[in-house]
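**Q** missing the sequence, but the structure's below:
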């Protein structure tokens, strides 16, 4: 790994970590206020529409962001074609969903969803104005600029959401918060990016990217289905309250694993693409990233699972306790998401979008089949099955990674199992050590301090190379 590439990667990880850390703190801050002001039913209403916005947003992007990142000789015409394609596609999709809103409301037996859907769907139309700019940011590793504008957008949109919720606008406040966030980010893209579109509607450059991007499109659609299948099934067969409980738990779980995933994703594909022609070098880079991901992900997510009941009660009151046990289970699966995400980035960097696509489709169909079969047995049975499938699917990703860079199974075990066992052992030990503490605030703080100190102590005493390199880099920045 050359010094320049190593420095770019380190800076990208640092700014990605700062950005995602601050973003999750802001999400926590605003989320606590909103959860106290709103009810599970309010979150359930918005949660039922999430899948439609995500799929529409995915279609408008159509996999062209990773396609542009992977393209070696990129020109203005490439960005311009993607820009106008996204605008026109999103306009057609919004028009279609606008007239389909009554059908969506009828499916969920919620008449209020018609007007809410038409309003919420404005978000993906607005986001289409920044698809090409987003690709430019990733291509040029503009992690710092992305961090600044994402944090700004969170502060502004969070303030708007809380203000509306406080004044009795219920789920309209959540919808407006989402639109305000997207709008602010899009403005930021235009402000920071030097690239500007021109009025030349030439879609010819898309032909060279369509083979790659079409597979990414199918993959992303199935990924959204995979991630939101619970909201769909719960919204159809259960109440909006249960959808709200699940969405709240999933929100906290997402805040946890996206902190790590976002930090890694911001640099993984661009860096791995740069060394794709040197398999030995790419293997070294990949293994170092894998160890760092496991080093961070397992203690963070297992720790979140450990403190889930206290966190939910203290932060958003016991009216949300129905979310605590769901969160505790989801965090176990969440610990593996950044790891599978890194594997998928490796596959994409090799140009194998077809593997990425069929992996997502197979996982999605399996989950859909299983969830539709076992939903009568309750939410907990569905969640346990869901996390089991997702954890086991890491082995499928490993199979394709080892085919590309000869990443042996013993490498995988050496890179992640020590961190998994240490983090898991620390959390179990901490749980039993704090059993007799009755004060919820003292219990919450004790769990965090004891678990963190134990994990750091074991890392230091074992001489973990990843731990030492992280400390050394941070020390050099001061």
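**A** Alright, I've got the coordinates. Computed from a predicted structure; not experimentally measured.

**Q** residue ranges with poor pLDDT in the protein?
**A** Low-confidence segments of the chain, defined by pLDDT under 70: 1-20, 226-227, 229-231, 234-240, 265-271, 273-277, 473-478.

**Q** which non-adjacent residue is nearest residue 64?
**A** Computed as C-beta to C-beta, 6 or more residues apart in numbering, the closest residue to residue 64 that is not its neighbour in sequence is residue 82, at 4.5 Å. Quick note: C-beta positions are derived from backbone N, CA and C, even for glycine.

**Q** again but with residue 255, I slipped
**A** residue 24 is the one closest to residue 255 (C-beta to C-beta, 6+ apart), at 4.7 Å.

**Q** what's around that neighbour, how many residues?
**A** 19 (other C-beta atoms under 10 Å).

**Q** so it: helix, strand or coil?
**A** helix (DSSP: H, G, I helix; E, B strand; the rest coil).

**Q** for it, give its distance to residue 222.
**A** For residue 24, the distance to residue 222 equals 26 Å [C-beta to C-beta, to the nearest Å].

**Q** quick one: contacts for residue 134?
**A** By C-beta atoms under 8 Å, 6 or more residues apart in numbering, residue 134 lies in contact with 65, 189.

**Q** specify the next element, helix or strand, located C-terminal of whichever strand or helix holds it.
**A** Element membership for residue 134, per DSSP states H and E: helix 131-139. Using DSSP H and E, the helix or strand that follows helix 131-139 in sequence is helix 143-166.

**Q** OK, contacts around residue 52?
**A** By C-beta under 8 Å, 6+ apart, the neighbours of residue 52 are 97, 104, 117, 121.

**Q** hmm, I was thinking of residue 221
**A** Residue 221 touches 55, 58-59, counting by C-beta under 8 Å, 6+ apart.

**Q** what's the closest of these to residue 289?
**A** residue 58 (25.6 Å; C-beta to C-beta).

**Q** show me what counts as buried in the helix or strand hosting that closest one.
**A** Element membership for residue 58 (DSSP H and E) is helix 40-61. For helix 40-61, a neighbour-count test (16 or more other C-beta atoms under 10 Å) marks 40, 42-61 as buried.

**Q** mind checking how far residue 390 is from residue 252?
**A** Taking C-beta to C-beta, one finds residue 390 at 17 Å from residue 252.

**Q** between the two, point out the one with more neighbours.
**A** residue 252 (27 against 20).

**Q** so how far is residue 242 from the more buried one?
**A** 16 Å.

**Q** so what's residue 251 closest to, chain neighbours aside?
**A** Closest to residue 251 by C-beta to C-beta, 6+ apart is residue 31, at 6.7 Å.

**Q** check contacts around the one you found.
**A** Neighbours of residue 31 in contact, by C-beta under 8 Å, 6+ apart: 251-252, 255, 315-316.

**Q** which helix or which strand is home to residue 413?
**A** helix 409-433.

**Q** which other helices and strands contact the helix or strand that that helix is followed by?
**A** Next in sequence after helix 409-433, counting helices and strands by DSSP H and E, comes helix 440-462. Packing partners of helix 440-462 (3 or more C-beta pairs under 8 Å, 6 or more residues apart in numbering; DSSP states H and E): helix 279-306, helix 308-316, helix 409-433, helix 465-476.

**Q** mean neighbour count, these: which tops it?
**A** Ranked by mean neighbour count, those are led by helix 279-306 with a mean of 21 (mean count of other C-beta atoms under 10 Å).

**Q** burial measure for residue 462, as a count.
**A** Neighbours around residue 462, by other C-beta under 10 Å: 11.

**Q** for residue 468, see how far away it is.
**A** 10 Å.

**Q** and what of residue 308?
**A** 31 Å.

**Q** ditto for residue 429
**A** When residue 429 is compared with residue 468 (using C-beta to C-beta), they lie 24 Å apart.

**Q** cool, residue 199 as well?
**A** Taking C-beta to C-beta, one finds residue 199 at 54 Å from residue 468.

**Q** what do you get for residue 352?
**A** In terms of C-beta to C-beta, residue 352 sits 34 Å off from residue 468.

**Q** ditto for residue 445
**A** 28 Å.

**Q** try residue 404
**A** Plainly put, residue 404 is 29 Å away from residue 468 if you go by C-beta to C-beta.

**Q** residues contacting the closest residue to residue 46 other than its chain neighbours?
**A** Spatial nearest neighbour of residue 46, excluding adjacent residues (C-beta to C-beta, 6+ apart): residue 174 at 4.7 Å. By C-beta under 8 Å, 6+ apart, the residues touching residue 174 are 34, 38, 42-43, 46, 161, 165.

**Q** for residue 443, same thing?
**A** Per C-beta under 8 Å, 6+ apart, neighbours of residue 443: 310, 434, 437.

**Q** how many residues are close by the last one?
**A** Right, residue 437. Residue 437, neighbours per other C-beta under 10 Å, totals 14.

**Q** now do the same contact list for it.
**A** Residue 437 neighbours (C-beta under 8 Å, 6+ apart): 443, 446.

**Q** give me the phi and psi for it.
**A** Backbone geometry at residue 437, expressed as degrees, to the nearest 10, gives phi -80, psi 120.

**Q** any idea how far it is from residue 412?
**A** For residue 437, the distance to residue 412 - C-beta to C-beta - is 38 Å.

**Q** tell me which element the residue positioned nearest the centre of the chain falls in.
**A** In the chain, the C-alpha nearest the mean C-alpha coordinate belongs to residue 258, at 4.4 Å (C-alpha atoms, centre = their mean). Assigned by DSSP H and E, residue 258 falls within helix 240-274.

**Q** and what of residue 201?
**A** Going by DSSP H and E, residue 201 is not part of any helix or strand.

**Q** residues contacting it?
**A** Here residue 201 is in contact with residue 84 (C-beta under 8 Å, 6+ apart).

**Q** do the same with residue 209
**A** Neighbours of residue 209 in contact, by C-beta under 8 Å, 6+ apart: 64, 67-68, 71, 78.

**Q** return the member of those residues nearest to residue 378.
**A** residue 64 (41.0 Å).

**Q** ok, the closest one touching residue 80?
**A** No. Contact status for residue 64 versus residue 80: not in contact, 11.7 Å apart, counting by C-beta atoms under 8 Å.

**Q** comparing the two, which residue is more hemmed in?
**A** residue 64 (30 against 21).

**Q** re earlier: could you give the angle of the helix holding residue 134 to helix 40-61?
**A** 90 degrees (axes from the mean of the first three to the mean of the last three C-alpha atoms, to 10 degrees).

**Q** tell me which residues in helix 131-139 are buried?
**A** 131-139.

**Q** quickly name whichever of those is closest to residue 187.
**A** For the buried residues of helix 131-139, the nearest to residue 187 is residue 133 (10.4 Å; C-beta to C-beta).
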